[in-house]
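[1] the following comprises the amino acid sequence and a computationally predicted model.
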Amino acid sequence: MEHSQNKITIAIDGYSSCGKSTLAKALSKHLNYIFIDTGAMYRGVTYFALKNGIIDSEGKINQEQLENEIEHIELNFGEQEANGSRALFVNGVDASEAIRSLEISNYVSEIAAIECVRTQLVKQQQVLGENGGVVLDGRDIGTVVFPNAGLKLFITASPEIRAQRRYNELKAKDSNVDLEAIRANLKHRDLIDTTRKIGPLVQATDAIVIDNSDLNQEEQFELALSYFYKACQQNSNIASDCNY
Ligand code: DC
């Protein structure tokens, strides 16, 4: 993995299903930066918890067991064997498809609100991004993980548009999806993500807001890229890296 001291860190925060990962992926590809999907890491811990009885059949989370096991949950990004697309491995098992299920989505915000989980994952994210040249998307990147990030974007879109986008995404893989259940899940996650005690979803005071309700992916990408160039110009140390 190549890191460069004179590449910035890009923090992308915002609500669930508002296109953060799509933007982060496009920017990292264009800039040759490393992409870190921090939501996938919280989903990976939730996957482990479900597989190992830390979440019981009634949905109750055994926090003590989670605290004992959290340091043994190994999360690695890599490539899916079948098609070479991005993968998340949880203790060596490819969980890329499983972590996108509605079952995981239903528990992930509760898991992400637990102190030992946040402490462990924030630490891992800081190590992954310590040399710059990274785009991270999440909820607390610009406020907690990298408060000195060179560029902070806060992405938002209307709740109805977010629900419809997530519905279309899931529908492409599974015809049994219910728009109402997705709406309810997004509402539930917004509430937990914004009100939890540690690392709540909140806009950093120096973040630039992009409301993409009326933007397509290209328009959003171009806008974000223009903010990237501005951030580079404001930081003379990295000006030499901005000839993309
Ligand atoms: O981005 P996502 O929907 O895959 O994230 C899944 C959950 O993980 C989301 O409900 C909130 C949580 N999360 C978090 O608390 N902090 C992050 N940095 C990223 C995600």
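    Arrived safely, thanks for sending.
[2] I'd say Asp206 and Leu151 touch.
    No - contact criterion Cβ atoms under 8 Å: Asp206 and Leu151 do not qualify, at 9.8 Å. From N, CA and C alone the C-beta is placed, and that goes for glycine too.
[3] those residues of the protein touching the ligand, which are they?
    16, 38-39, 42-43, 108-109, 112, 138-140, 189, 193 (Cβ under 6 Å from any ligand atom).
[4] hang on, the earlier thing: for Asp206 and Leu151, work out which one has more neighbours and name it.
    Neighbours were counted for Asp206 and for Leu151 using other Cβ atoms under 10 Å; Leu151 has more, 24 against 12.
[5] right, and the more buried one touches Phe228 too?
    Yes - at 5.7 Å, Leu151 counts as touching Phe228 under the criterion of Cβ under 8 Å.
[6] what's the overlap in contacts for the two?
    Contact with both Leu151 and Phe228 is made by residues 8, 10, according to Cβ atoms under 8 Å, 6 or more residues apart in numbering.
[7] show me the beta-bridge partners of Val135.
    Ile10, Phe35 (DSSP bridges).
[8] start the count at 28, not 1, going forward
    From this message on, residue numbering opens at 28, which makes the last subject Val162.
[9] quick one: contacts for the closest residue in space to Cys45 that isn't next to it in sequence?
    The shortest distance from Cys45 to any non-neighbouring residue, by Cβ to Cβ, 6 or more residues apart in numbering, is to Ala184 (4.3 Å). Shown in contact with Ala184 (Cβ under 8 Å, 6+ apart): 42, 45-46, 192, 238-240.
[10] tabulate those (CSV), appending secondary structure.
    Below are those laid out as CSV (DSSP: H, G, I helix; E, B strand; the rest coil):
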residue, secondary structure
Tyr42, coil
Cys45, coil
Gly46, coil
Arg192, helix
Asp238, strand
Asn239, coil
Ser240, coil
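[11] quick one: buried ones out of these?
    The neighbour count (16 or more other Cβ atoms under 10 Å) marks 42, 45-46, 192, 239 as buried among the contacts of Ala184.
[12] give me the pLDDT for Gln191.
    In this model, Gln191 is scored at 94, pLDDT.
[13] relative to Asn212, which of the contacts of Ala184 is nearest.
    Within the contacts of Ala184, the smallest distance to Asn212 is 12.3 Å, found for Tyr42 (Cβ to Cβ).
[14] for the closest one, what are its contacts?
    Applying Cβ under 8 Å, 6+ apart to Tyr42 gives the contacts 182-184, 189, 213, 217, 220, 228.
[15] from Pro174, how far off is it?
    Using Cβ to Cβ, to the nearest Å, Tyr42 is found at 20 Å from Pro174.
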